[in-house]
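Engineer: quick one: sequence and predicted model below, then my questions.
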Amino acid sequence: RTLAPRCSRSCRGRRGEEGGKMSDEMGTVTELSPDGRFVRIDDPFWSYYIDRKAAPGLDERRCGKWMAFFSGLPRAEEVCAKAVLSGAVAECKHTSAPIVRAEKTGVMCFYLNGDDRVAHRRVLSFMIENGLIRKTKTGRLFNIAFKYDDQTRAGEYGGGFKAKMTLSDLVDLDTGEFLD
């Protein structure tokens, strides 16, 4: 089965290139593990981090993302690799290096199926533990939104975006504890 990042480009999993890197029409592929299970794919717009074993379980119609914004590319690279290698997510991505250099900021997206409560807990725990959800001056977590890929494909951005799920549906914003 061909593995595709959320952008529907293929990751064929070819191995054997020097240094664990290879290039083709999808961008540069870097193996993050000796067995090739975990890879990073860099294209002009995004850097994807993929667990080849778990990512096929992401369903195009149920999949969505929790997002975190950043200004330091090394931190984003570290966090995304850690998220996939630790099993917090099957796939994540961050804005590419050239865009971050030009814009001075970027976004990380952590993908999961929207109806998977266990995955939400795992991803949000990872995000909270790694300081990826901003806090107010009083220490309260910002009520970030989960965004389904169908909403992105429909062009729902900014004022046109209506969240179907937010952090407060799952976590007490004052304590950071899960509601269930």
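Structural biologist: Received it, and whenever you're ready, just let me know what you need. Residues are numbered from 1 along each chain as shown.

Engineer: quick one: find the helix or strand in this structure with the lowest mean pLDDT.
Structural biologist: Using mean pLDDT, DSSP states H and E, the weakest-scoring helix or strand in the chain turns out to be strand 21-24, at a mean of 48.

Engineer: tell me the first helix or strand C-terminal of it.
Structural biologist: strand 27-31 (DSSP states H and E).

Engineer: what packs against that following strand?
Structural biologist: Applying 3 or more Cβ pairs under 8 Å, 6 or more residues apart in numbering; DSSP states H and E, one finds that strand 27-31 contacts strand 21-24, strand 38-42. Any C-beta I mention is one placed from the backbone N, CA and C, and that applies to glycine too.

Engineer: for that strand, what is the average pLDDT?
Structural biologist: Averaging pLDDT along strand 27-31 gives 91.

Engineer: ranges for the strands of the chain?
Structural biologist: Assigned by DSSP state E, the strands in the chain fall at 21-24, 27-31, 38-42, 46-51, 63-70, 91-95, 106-113, 145-148, 165-166.

Engineer: in CSV: the ones you listed, plus distance to residue 179.
Structural biologist: Below are these laid out as CSV (distance: least, Cβ to Cβ, whole Å):
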stretch, distance to residue 179
strand 21-24, 43
strand 27-31, 38
strand 38-42, 32
strand 46-51, 27
strand 63-70, 16
strand 91-95, 24
strand 106-113, 18
strand 145-148, 15
strand 165-166, 12
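
Engineer: out of the ones you listed, flag the one nearest residue 159.
Structural biologist: strand 145-148 (12.9 Å; Cβ to Cβ).

Engineer: count of neighbours near residue 40?
Structural biologist: Counted with other Cβ atoms under 10 Å, the neighbours of residue 40 add up to 21.

Engineer: same question for residue 139.
Structural biologist: Residue 139: 10 neighbours (other Cβ under 10 Å).

Engineer: need the pLDDT of the closest residue to it other than its chain neighbours.
Structural biologist: Spatial nearest neighbour of residue 139, chain neighbours left out: residue 174 (7.8 Å); criterion: Cβ to Cβ, 6 or more residues apart in numbering. If you check residue 174, the pLDDT there is 96.

Engineer: okay but residue 37 is in contact with residue 55, surely?
Structural biologist: No. The pair residue 37 / residue 55 is not scored as a contact, 10.1 Å apart, by Cβ atoms under 8 Å.

Engineer: quick one: which of those two has more around it?
Structural biologist: The residue with more neighbours, out of residue 37 and residue 55, is residue 55; 21 against 16, by other Cβ under 10 Å.

Engineer: show me what contacts residue 167?
Structural biologist: By Cβ atoms under 8 Å, 6 or more residues apart in numbering, the contact set of residue 167 is 124, 133, 141, 142, 143, 144, 145, 173.

Engineer: ok, now which ones touch the first one?
Structural biologist: Residue 124 makes contact with 66, 133, 167, 170, 171, 178, according to Cβ under 8 Å, 6+ apart.
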